[in-house]
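Colleague: sequence and predicted model, in that order:
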Amino acid sequence: MRVVVVGSGPAGLYAAITASSYAKVKLIEKDEKLGGTCVLYGCIPSKAMLHPGAIAYQLGRLGKKVEFSFEDAKKLAKDAINRLSKGVEATLESYSVEVVHGLASLSSGKINVGGQSMEADSVVLALGTEKPNLKGTIASDDIPYLDGQFNVVGLIGGGVGGVEYGWLFKTLGKEVHIFEKENKLLPYLDDDLRSEVTKYFQRLGVKLHLGDLAKVDEKKVLFGNETVNVDLVVFTFGRRPSLKGFDGMFSSWIKTDERMYTGVGSIYAAGDVTGSFTAHEAIHKGIIAGKNAVGIKEKYVGEMVPKVIYTEPQIAYVGKMEGQCVRVNMTENPRAIAEKETEGFVKVCQKEGRITGAVAFSERAEEIVTIASALSKMPLSEAKEFFAPHPSYLESLWEALRRLQP
Ligand SMILES: Cc1cc2nc3c(=O)[nH]c(=O)nc-3n(C[C@H](O)[C@H](O)[C@H](O)COP(=O)(O)OP(=O)(O)OC[C@H]3O[C@@H](n4cnc5c(N)ncnc54)[C@H](O)[C@@H]3O)c2cc1C
C-alpha cells in the first residue's frame with residue numbers, strides 16, 4: 001500500500017510515522033526545512049524565547065535582577081528551531097518515510113510535485129495555516145527572525161498570541177501596548193481568568209487599550225481618540241487555511257468526519273487545516289488520519305484538550321466552565337507561599353458528578369489543567385481520591401476537587 005502525506009508539521013509527521021508501520025509512505029514538504037509552523041515559527045521558537053523571561057521573572061520574585069535581550073532570546077530560538085527541524089528529519093528517516101521537497105498540488109485526482117504525479121492509495125493533507133499578511137504589520141511567526149532595533153511594540157489582539165508575546169516583550173524590556181476590542185484580555189475564556197490576567201498585565205506595566213477596534217497606519221495605531229506611536233506592529237490573529245495547490249477542491253477549513261476523512265476519494269486531512277489550533281490536536285488528528293489512511297478504522301476524540309499560554313505564571317484551561325465551580329487562590333497553597341509564587345488561582349467545575357472544565361493561572365498551570373483533563377474521564381468521587389504530593393502546586397487542584405459537592 002502507498003500513502004502520500006502533504007506537510008511536515010506535527011499532523012503530517014505523526015500521520016506519516018503512523019502509516020509507515022503498514023504502508024510505503026512519502027511525505028511532501030514545500031519548505032526547505034521540516035517541522036512546519038510549530039517547529040519553524042510557532043511553539044518551539046516562542047517557548048525558547050519565553051524561557052529566559054520566565055527565569056528572569058522568578059529571580060525577580062526573589063529580589064535578584066537578571067536581564068536578557070531580544071537578541072539573546074532570538075539566538076535561543078534559532079538553536080531550538082535547527083535542532084528540532086533536524087530531529088523531524090531524523091525521525092522520518094528512522095521510520096523509512098521518504099521526504100520529497102516541493103509544492104504538492106492535486107490535479108485529475110492525483111498528487112503532483114514539480115510536474116511529476118505520485119501514485120497513492122490514500123493521501124493525508126496536513127497543510128497547516130498561513131500567517132496573516134496585513135500591510136505595515138508582522139505576524140507572530142516573524143518574531144524569531146526579526147532584525148533591527150525596536151523599543152515600542154504594539155500587539156493587535158489580546159488573545160492567546162497577544163498575551164504570550166506581550167508578556168515576552170515586556171520581560172525583555174520593551175514598552176508593550178496591547179490593543180483588544182473586548183474590555184478584558186483573553187476573549188471567550190473564563191471571566192475570572194480574564195479579569196485576573198488583565199489586572200496582572202496592568203500591574204506588569206503592559207499598556208492595555210481595551211474596548212475598541214484598532215486601526216494601523218504605518219507606525220501608528222489609532223484606537224478610539226488615541227494615537228499610539230510604535231516601532232513594530234504585530235498582528236496576532238487571523239490565520240487562514242493553507243490551501244495552495246488544493247484550492248480547486250477546498251475553499252476554506254477542510255471538513256472531515258471523526259476518522260479525519262474528507263469525503264473525497266481516499267483523501268484524509270489533519271491538523272490546523274481542519275480548524276484546530278494546537279500542535280497536540282494536530283498530532284492526535286495526524287495519528288488518526290494515518291491509521292484510517294491504511295484502513296484501520298479509528299475515531300478522533302477531541303474533548304477536554306488542555307491549552308496553555310506560556311507566560312509566567314502560566315495560563316491554562318480545558319473544557320467548559322459550567323455547573324458548580326470552585327476557586328482556590330494560590331495564596332492558600334503552601335508551596336506557592338514558600339516559593340513566593342502566590343499570584344493566581346485554580347478553578348474547577350463539575351456537573352452531574354464529572355469535571356466539566358478547569359482553568360489555572362499559576363505556577364505549573366499546564367500540569368494542573370492536564371491532570372484535571374485526565375481526571376475528567378472518571379467520576380468526581382474517584383477523581384477526588386488522587387494524591388497530590390505535599391507541598392505542591394497540584395494541591396490546589398486537589399483542594400478544589402475536595403471542595404466540590406458531593
Ligand atoms: C507564534 C505561534 C506559537 C504557537 N505556539 C504553540 C504552542 O505553544 N503549543 C501548541 O500546541 N501550538 C502552538 N502553536 C500552533 C501550532 O504551531 C500549530 O497548531 C501546529 O503547527 C499545527 O500543525 P500542522 O501540522 O497542522 O500544520 P503546520 O505546522 O502549519 O504544518 C503544515 C506544513 O505543510 C506544508 N505545506 C502546506 N501546503 C503544502 C503543499 N501544498 N505542498 C507541500 N507542503 C505544504 C507547510 O509548509 C508546513 O510545513 C503556535 C503557533 C504560532 C503561530
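Modeller: Arrived safely, thanks for sending. Numbering: from 1, shown residues only.
Colleague: helices along this structure, start to end?
Modeller: Taking DSSP state H as the criterion, the chain contains helices spanning 10-19, 36-40, 43-61, 70-94, 160-171, 191-204, 279-293, 334-338, 365-375, 380-383, 395-403.
Colleague: okay, the ones you listed in CSV with mean pLDDT, distance to the ligand and mean neighbour count next?
Modeller: Heads up, the C-betas are built off the backbone N, CA and C, glycines and all. Shown next, in CSV, are these (pLDDT from 0 to 100; distance: least, Cβ to the nearest ligand atom, whole Å; neighbours: other Cβ atoms under 10 Å):
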stretch, mean pLDDT, distance to the ligand, mean neighbour count
helix 10-19, 98, 3, 30
helix 36-40, 98, 3, 26
helix 43-61, 95, 4, 19
helix 70-94, 97, 10, 16
helix 160-171, 97, 6, 24
helix 191-204, 98, 17, 17
helix 279-293, 98, 4, 25
helix 334-338, 98, 24, 16
helix 365-375, 98, 10, 23
helix 380-383, 97, 25, 16
helix 395-403, 98, 21, 21
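Colleague: now distance to D231 too, for these, in a markdown table please.
Modeller: Below are these laid out as a markdown table (distance: least, Cβ to Cβ, whole Å):
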| stretch | distance to D231 |
| --- | --- |
| helix 10-19 | 33 |
| helix 36-40 | 25 |
| helix 43-61 | 18 |
| helix 70-94 | 12 |
| helix 160-171 | 11 |
| helix 191-204 | 20 |
| helix 279-293 | 30 |
| helix 334-338 | 37 |
| helix 365-375 | 31 |
| helix 380-383 | 49 |
| helix 395-403 | 40 |
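Colleague: out of those helices, flag the one nearest V230.
Modeller: Of all the helices of the chain, helix 160-171 sits nearest to V230, with 11.1 Å by Cβ to Cβ.
Colleague: what residues does that closest one touch?
Modeller: Residues outside helix 160-171 that contact it (Cβ atoms under 8 Å, 6 or more residues apart in numbering) are 46, 49-50, 53, 56-57, 68, 70, 73, 140, 143, 153, 155-156, 158, 176, 178, 180, 185-186, 197, 201, 204-206, 234, 236-237, 307, 309-312, 315.
Colleague: touching, V318 and A358? I think so.
Modeller: Yes: proximity of V318 to A358 meets the contact threshold set by Cβ atoms under 8 Å, at 5.5 Å.
Colleague: give me the more crowded residue out of these two.
Modeller: Summary of the neighbour comparison: V318 and A358, criterion other Cβ atoms under 10 Å, with A358 having more neighbours (31 against 26).
Colleague: and for the more buried one, nearest residue in space, chain neighbours not counted?
Modeller: In space, A358 comes closest to A372 once its chain neighbours are excluded; the distance is 3.6 Å by Cβ to Cβ, 6 or more residues apart in numbering.
Colleague: over to L106?
Modeller: With sequence-adjacent residues excluded and distances taken as Cβ to Cβ, 6+ apart, L106 is closest to F246, at 5.5 Å.
Colleague: could you give the number of residues near the one you found?
Modeller: When neighbours are defined as other Cβ under 10 Å, F246 has 21 of them.
Colleague: separation between it and the ligand?
Modeller: Counting by Cβ to the nearest ligand atom, to the nearest Å, the separation of F246 from the ligand is 6 Å.
Colleague: so K174 sits against V152, correct?
Modeller: Yes: with contacts counted by Cβ under 8 Å, K174 reaches V152, the gap being 7.0 Å.
Colleague: which stretch among the helices of the chain comes nearest G102?
Modeller: With respect to G102, and counting by Cβ to Cβ, the nearest of the helices of the chain is helix 10-19 at 14.1 Å.
Colleague: what angle sits between that closest one and helix 70-94?
Modeller: Following axes from the mean of the first three to the mean of the last three Cα atoms, to 10 degrees, one obtains 20 degrees for the angle between helix 10-19 and helix 70-94.
Colleague: helix 10-19 relative to helix 43-61, how many degrees between them?
Modeller: Relative orientation of helix 10-19 with respect to helix 43-61: 120 degrees, computed using the same axes, to 10 degrees.
Colleague: now helix 10-19 - C-alpha only, CSV.
Modeller: Only the C-alpha atoms of helix 10-19 are listed here, as CSV (Å, rounded to 0.1, in the frame of the first residue of the first chain):
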residue,chain,number,x,y,z
PRO,A,10,3.0,17.9,13.8
ALA,A,11,0.0,16.5,11.9
GLY,A,12,2.0,15.4,8.8
LEU,A,13,4.8,14.0,10.9
TYR,A,14,2.5,11.8,13.0
ALA,A,15,0.3,10.7,10.1
ALA,A,16,3.5,9.6,8.2
ILE,A,17,5.1,7.7,11.0
THR,A,18,1.8,6.0,12.0
ALA,A,19,1.1,4.9,8.4
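Colleague: show me the contacts for the residue in the stretch 301-406 of the chain positioned nearest to the ligand.
Modeller: The nearest approach of the stretch 301-406 of the chain to the ligand comes at Y310, 6.1 Å away (Cβ to the nearest ligand atom). In this structure, Y310 makes contact with S46, K47, L50, A54, E164, E366, judged by Cβ under 8 Å, 6+ apart.
Colleague: and those residues, which two are the farthest apart?
Modeller: Based on Cβ to Cβ, the longest span within these runs between S46 and E366 and measures 14.2 Å.
Colleague: circling back: can I get the contacts of Y310 in JSON lines with distance to G9?
Modeller: Written out in JSON lines, the entries for the contacts of Y310 read as follows (distance: Cβ to Cβ, whole Å):
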{"residue": "S46", "distance to G9": "15"}
{"residue": "K47", "distance to G9": "16"}
{"residue": "L50", "distance to G9": "20"}
{"residue": "A54", "distance to G9": "25"}
{"residue": "E164", "distance to G9": "19"}
{"residue": "E366", "distance to G9": "21"}
